[in-house]
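Student: below is the sequence, then the predicted model.
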2 protein chains.
Amino acid sequence: MSIVVVGTVAFDTVETPFGRGENVLGGSATYFSTSASFFTDVSLVAVVGDDFPEEHVTFLHSRSIDTTGLQHVPGKTFHWSGRYGFDLNEAQTLDTQLNVLMDFQPNLPEAYRDAEYLFLANIDPDLQMNVLEQVRKPKLVACDTMNFWISSKPEALRKVLQKVDIVVINEGEARQFTGEANLVKAARQIIAHGCKRLVIKRGEYGVLMFTAETVFAAPAYPLEEVFDPTGAGDTFAGGFIGYLANSGDLSEEGLRQAIIYGSVMASFNVEDFSLSRMKRLEYSEIQTRFRSFKELTHFEDIPY
Amino acid sequence: MSIVVVGTVAFDTVETPFGRGENVLGGSATYFSTSASFFTDVSLVAVVGDDFPEEHVTFLHSRSIDTTGLQHVPGKTFHWSGRYGFDLNEAQTLDTQLNVLMDFQPNLPEAYRDAEYLFLANIDPDLQMNVLEQVRKPKLVACDTMNFWISSKPEALRKVLQKVDIVVINEGEARQFTGEANLVKAARQIIAHGCKRLVIKRGEYGVLMFTAETVFAAPAYPLEEVFDPTGAGDTFAGGFIGYLANSGDLSEEGLRQAIIYGSVMASFNVEDFSLSRMKRLEYSEIQTRFRSFKELTHFEDIPY
């Protein structure tokens, strides 16, 4: 099955203790679609300015990503600048220039409206809702968001969360959204509010996946070299939803494997700047690291 | 097999957002031995003052803990005061009164010197070394420490770490000790330095266990109610070493199960103040929660 993703395509300027990338390819939809493309067909909806170089589009095509929905408009592409300290857990945003993103209207090409899998990456919740209304009968819808929308558009966001099957947010956002310090209680509140399944990203500490009845904990892969955490969350979501779209297995068991595939993809992405690691990643490496996750977490049950 | 633990027995005054306990029973050796007592025989080496009430000794005996090595001396028992904020991850120490701990000389009763399992809880590394020299031929020695000793006695601590089989420390301490922000690199450094196995505690994020060749990641149990994290690390260590002493299985597989038992014990301990939860804990609850850890972390491997 193919996925439609709506989000941002951006230029990023990123500083980490290990180097600096200036005007490198970034954006939530870029990371998501590149990651998901290892598992299934992906169609991208986003906007770029007339400064967006052809080589980046060529790269997306090299990953078989459908860019019919990538709008090219006059003006400058969305630009984010951030810096990471030694702990690499949270970016300090230095500058955000929305540019062409300010007037973005995500009109889905007709062929996208029958999408079975839809990922609403982090954009204005009003735009997320607008996209939701354009897709006819999706089998599965997931969404992300960020602290900015939680504080500036909580009501619009609340409505989106009620309409999606899976919410993928980070730990701090779950706490911020609910005002609840205990993460399990925060998760219960978000699920009570309407979404069926909640995936909480905890950076280097991994992921928790909640339903009303179940919890699954997956660690992050312990890496000796982490160069650039930018895009890790969207790369995770791309592997997660990409694997689901490929397998079609929406059972708890299938979703748990998908969480591991998401974690595998994120673990590769942080090994180099921007999408550099994704550009040289092989499918066999993904399978090998999935098995490493199994070794990392396995222990024998006790007899009854 | 029985365990000897050397550490502190204390009065704690603890404030959390959920309540306050004044002069409650605490101390690293207390938490460790209570937890380990669910799995094996434990002998305790520590010091208390003449203000230490008989009821606490009676409690230790009720857990079949051998207190021959608990020295009663004139003066006041060690007293720690701390406060936890809403995130419950790190205590703010408000006051430390060493009292009788200042002149503590851990002389092991003759019967303790043939101990096969030895846990050096968080005390002065010079005392830890002193105890190490008194024990004749232990099968397994593990130790803990804290930031205070890392900064004040790094050389003495370094010597202890070279002599033990398993080091159990928290994440921040591993970083502090090595000056390395990346936790995997920090772990490699500590192992290169002499200890065979390193267990890094990450509070609500669980535990990582490293050898030169392996890594095991265990989550913490996601709890809706965490009242008091005091003693969680020592309770973890008590379950971990207690299970090992009981099973005698020092294979990677046996150690992984022991890590889960440690995590189970810690997850119970934080559910109530001081040792209250331990006092009413049943072994059947431990087994049930072990199986919940299996459900929490299980995912199917992929076929080759």
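Tutor: Alright, I've got the coordinates.
Student: C-alpha only now, for contacts and for neighbours.
Tutor: Noted.
Student: do a quick rundown of the helices in chain A.
Tutor: Taking DSSP state H as the test, the helices found in chain A are A:28-36, A:54-62, A:125-134, A:147-152, A:154-163, A:171-178, A:183-192, A:232-247, A:252-269, A:276-279, A:283-297.
Student: for the residue most central in space within chain A, report the pLDDT, please.
Tutor: What sits nearest the mean C-alpha location of chain A, by CA atoms, centre = their mean, is residue A:234, with 2.3 Å. Looking at residue A:234, its pLDDT is 97.
Student: same check, this time on the one 5 residues further on
Tutor: Residue-level confidence at residue A:239 comes out at 98, pLDDT.
Student: re earlier: the helices of chain A into a markdown table, with extra columns for distance to chain B?
Tutor: A markdown table is the format used below for the helices of chain A (distance: least, CA to the nearest CA, whole Å):
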| stretch | distance to chain B |
| --- | --- |
| helix A:28-36 | 18 |
| helix A:54-62 | 27 |
| helix A:125-134 | 29 |
| helix A:147-152 | 18 |
| helix A:154-163 | 22 |
| helix A:171-178 | 10 |
| helix A:183-192 | 5 |
| helix A:232-247 | 12 |
| helix A:252-269 | 6 |
| helix A:276-279 | 19 |
| helix A:283-297 | 5 |
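Student: what's the most buried one of these?
Tutor: helix A:28-36 (a mean of 30; mean count of other CA atoms under 10 Å in any protein chain shown).
Student: so who does residue A:209 touch?
Tutor: A:197-200, A:215-217 (CA atoms under 8 Å, 6 or more residues apart in numbering or on different chains).
Student: those in strands, which ones?
Tutor: A:197-200, A:215-217 (DSSP state E).
Student: nearest to residue A:43 among those?
Tutor: For those, the minimum distance to residue A:43 (CA to CA) is 22.9 Å, reached by residue A:199.
Student: mind checking how far the closest one is from residue A:258?
Tutor: Taking CA to CA, to the nearest Å as the measure, residue A:199 falls 11 Å from residue A:258.
Student: quick one: contacts for residue A:61?
Tutor: Neighbours of residue A:61 in contact, by CA under 8 Å, 6+ apart: residue A:67.
Student: how close does it sit to residue A:34?
Tutor: Taken as CA to CA, the span from residue A:61 to residue A:34 is 10 Å.
Student: CA atoms of stretch A:158-173 as CSV?
Tutor: What follows is stretch A:158-173, C-alpha atoms only, in CSV (Å, rounded to 0.1, in the frame of the first residue of the first chain):
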residue,chain,number,x,y,z
ARG,A,158,-7.4,18.4,19.8
LYS,A,159,-9.8,18.0,16.9
VAL,A,160,-7.1,16.4,14.8
LEU,A,161,-6.1,14.0,17.5
GLN,A,162,-9.7,12.8,17.7
LYS,A,163,-9.8,11.9,14.0
VAL,A,164,-6.5,9.9,13.7
ASP,A,165,-5.7,6.3,14.6
ILE,A,166,-2.2,6.9,15.8
VAL,A,167,-0.6,9.9,17.5
VAL,A,168,3.2,10.0,17.4
ILE,A,169,4.6,12.7,19.7
ASN,A,170,7.5,13.2,22.0
GLU,A,171,7.6,12.8,25.7
GLY,A,172,7.8,16.5,26.6
GLU,A,173,4.8,17.2,24.2
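Student: residue of the stretch 101-250 of chain A nearest chain B, please.
Tutor: Nearest residue of the stretch 101-250 of chain A to chain B: residue A:216, at 4.8 Å (CA to the nearest CA).
Student: okay, and the beta partners of that residue?
Tutor: residue A:209 (DSSP bridges).
Student: hmm, it is touching residue A:208, no?
Tutor: Yes. Using CA atoms under 8 Å, residue A:216 makes contact with residue A:208 at a distance of 5.6 Å.
Student: circling back: not counting sequence-adjacent ones, nearest residue to the residue nearest to the centre of chain A?
Tutor: Spatial nearest neighbour of residue A:234, excluding adjacent residues (CA to CA, 6 or more residues apart in numbering or on different chains): residue A:32 at 4.8 Å.
Student: distance check, the one you found against residue A:106.
Tutor: Using CA to CA, residue A:32 is found at 17 Å from residue A:106.
Student: hmm, back to that, for the contacts of residue A:209, pick the one with the most neighbours.
Tutor: Neighbour counts for the contacts of residue A:209 (other CA atoms under 10 Å in any protein chain shown) peak at residue A:217, which has 29 neighbours.
Student: so what pLDDT did that one get?
Tutor: 98.
Student: for the one 3 residues further on, same thing?
Tutor: In the predicted model, residue A:220 carries a pLDDT score of 96.
Student: what's near enough to touch it?
Tutor: If you count contacts by CA under 8 Å, 6+ apart, residue A:220 has them with A:203-207, A:263, A:267.
Student: now with 7 Å?
Tutor: Residue A:220 sits next to A:204-206, A:263 when contact means CA atoms under 7 Å, 6 or more residues apart in numbering or on different chains.
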